[in-house]
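> Just need the structure, nothing else, for what follows:
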Amino acid sequence: MPMDEDAVAALYRDHAAALRRFARGAVGSEEAEEIVQEAIIRVWRHAPDGTQGLRPYLYRTVRNLIVDQHRLAGRRPRTVAPLDDEGGFAAAGGERFDELLDRVVMEEALARLTPDHRQALVAVHYRRLSVAEAARELGVPAGTVKSRCFYALRALRAALDEMGVER
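Prediction:
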């Protein structure tokens, strides 16, 4: 059952900025705006039952549109190979794109954490510092680092669930 126009306007107002940030990491700014608008139109035409799971549904729709766009671009012949971050030619195939999309999703989820939780989580889980090393670097007791990592992982899981990431 389609939503009314006021509900769609409120949906766009509440979620468009976050969805654009999410999409912009995988595609350019113009494409991100088009993808967000298409996702809102799809929700307008085919709104899921209830409003509880609307945000994860929107993120899934945006992700699916990005994947569809990537697949469509892969069918067209390329005249010039894209450059990677180091200025070399990027690897062909969907593996690099999936890695990029995973990175965008994780960066968006990490941005939702408090700075203290994010710093502790990055130090221990990404930089592979021991709890004692992270405590020295952050200037807090080791127990605080453990606590922040615990709550950061819980908040990260909640953010990923909200974004529609399934595992």
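
> What pLDDT does the model give residue 90?
If you check residue 90, the pLDDT there is 52.

> Ignore what I typed, I meant residue 151.
At residue 151, the pLDDT value in this model is 94.

> how about it, secondary structure?
Three-state assignment for residue 151 (DSSP: H, G, I helix; E, B strand; the rest coil): helix.

> and what of residue 129?
Following three-state DSSP, residue 129 is assigned to coil.

> Not counting its neighbours along the chain, what's nearest it?
In this structure, residue 129 finds its nearest non-sequential neighbour in residue 123, 4.9 Å apart by CB to CB, 6 or more residues apart in numbering. C-beta here means a position set from N, CA and C on the backbone, and glycine is covered the same way.

> Likewise for residue 144?
Of all residues not flanking residue 144 in the chain, residue 135 sits nearest, at 7.2 Å (CB to CB, 6+ apart).

> Surely residue 117 is in contact with residue 158?
No: Residue 117 lies out of contact with residue 158 (CB atoms under 8 Å); the separation is 11.9 Å.

> Those two - which one has more neighbours?
A side-by-side neighbour count of residue 117 and residue 158, using other CB atoms under 10 Å, places residue 117 first with 21 against 12.

> rewinding a little: could I get the phi/psi values of the residue nearest to residue 129?
phi -60, psi -50 (degrees, to the nearest 10).

> wait, what's in contact with it?
Applying CB atoms under 8 Å, 6 or more residues apart in numbering, we find residue 123 in contact with 129, 133-134, 137-138, 145.

> now do residue 117
The contact partners of residue 117, taken as CB under 8 Å, 6+ apart, are 148-149, 151-152, 155.

> Between those, which sits nearest residue 56?
For those, the minimum distance to residue 56 (CB to CB) is 16.0 Å, reached by residue 155.
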